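Visitor: Have a look at this prediction, sequence included:
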Amino acid sequence: MARKAVAQELSRERILTEARDLFATFGYRALTMRSIAKAMGYSHGALYYHFTEKAELFYALIKDDFSLLMQRQREMIVREHGFSVNLLQKLMMEFVWFGLTNPNHYEMMFMLNEPELQQYSRTEQAQCLEMFSIVVRQVVTDQPGFESKRFTLPWNLFMSLHGLISYCIQFKITYEEARRLADEHIRLICVSLDLDSHEQQRPLVKMVGPHLPITNAI
């Protein structure tokens with residue numbers, strides 16, 4: 001009964017809130033379930049009531065982060081009523097905004113290289129990339145030679161944005177400071193792809209399940 005009482009007092013939500021600050025301050029490797037519990041003033045057994053290991057606790061954090069990012073992206077797609085260069089530019093800028101407004105979240109989601117976390121985060125990362133890829137493919141689908149880069153182009157664009165975000169995080173550049181640079185970066189990407197001449201509005205996406213948008217063309 002005592003264990004149940006402690007577990008109810010130390011809620012899952014509180015653990016996640018305080019653990020996020022600890023991971024951001026000390027890093028993933030420096031922390032253990034015992035040290036996290038100690039920092040919160042509880043025994044590590046209280047944490048194990050909610051999470052079986054540190055990696056599972058960490059995954060719960062980034063899963064929430066991915067859910068927030070993808071929900072914002074889905075809402076943007078719906079608001080635009082279809083696929084266009086304008087939507088692609090907004091989606092890319094939204095990704096930059098999210099990364100630089102939430103640098104600790106972004107680092108946890110995309111920048112940690114911890115073998116024990118690989119089994120946890122791959123699905124969410126793939127879903128995030130696939131949502132972005134669907135928009136890219138629909139916008140440039142009529143371009144000559146597009147089929148040969150159907151899968152590589154979205155990845156290259158995504159990594160270009162990731163490089164910009166990672167650079168800004170490393171040198172503690174805020175979104176407001178980087179906004180003009182990011183806007184120019186995205187504009188040059190679209191110009192290099194000759195997207196202005198392919199401006200068009202494609203059918204509205206429909207959502208299938210909690211994660212991915214699809215269209216009849218996919």
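Guide: Ah, there it is.

Visitor: for the record, mean pLDDT for the lengthiest helix in the chain?
Guide: When the chain is parsed with DSSP state H, its longest helix is helix 54-80. The pLDDT scores in helix 54-80 average 94.

Visitor: Kindly report the same for stretch 14-22.
Guide: 95.

Visitor: So what's the gap between it and the chain middle?
Guide: With Cα atoms, centre = their mean, to the nearest Å as the basis, the distance from the averaged C-alpha position of stretch 14-22 to the chain average is 19 Å.

Visitor: Flag every buried residue along it.
Guide: 15-16, 19-20, 22 (16 or more other Cβ atoms under 10 Å). C-betas here are computed from N, CA, C, even on glycine.

Visitor: which of these lies closest to Met76?
Guide: Arg20 (25.1 Å; Cβ to Cβ).

Visitor: so who does the closest one touch?
Guide: Applying Cβ atoms under 8 Å, 6 or more residues apart in numbering to Arg20 gives the contacts 61, 104.

Visitor: Could I get the CA-only coordinates of stretch 16-25 as CSV?
Guide: Below are the C-alpha coordinates for stretch 16-25, written out as CSV (Å, rounded to 0.1, in the frame of the first residue of the first chain):
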residue,chain,number,x,y,z
LEU,A,16,8.3,13.9,-17.0
THR,A,17,8.4,17.6,-16.1
GLU,A,18,11.3,17.4,-13.7
ALA,A,19,13.2,14.8,-15.7
ARG,A,20,13.2,17.0,-18.8
ASP,A,21,15.0,19.8,-16.9
LEU,A,22,17.5,17.3,-15.5
PHE,A,23,18.3,15.8,-18.9
ALA,A,24,18.7,19.3,-20.4
THR,A,25,21.0,20.3,-17.6
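
Visitor: for it, the distance to its chain's centre please.
Guide: Between the centre of stretch 16-25 and the centre of its chain there are 18 Å (Cα atoms, centre = their mean).

Visitor: coming back round to it: specify which member of the buried residues of stretch 14-22 is nearest to Asn156.
Guide: Distances from Asn156 to the buried residues of stretch 14-22, taken by Cβ to Cβ, are shortest for Arg20, at 31.4 Å.

Visitor: tell me which element the closest one falls in.
Guide: Per DSSP states H and E: Arg20 is located in helix 12-26.

Visitor: The spatially most central residue of the chain and Arg12, how far apart?
Guide: Central residue of the chain (Cα atoms, centre = their mean): Phe66, 4.7 Å from the mean position. Here Phe66 is placed at a distance of 18 Å from Arg12 (Cβ to Cβ, to the nearest Å).

Visitor: Okay then, goodbye and thanks.
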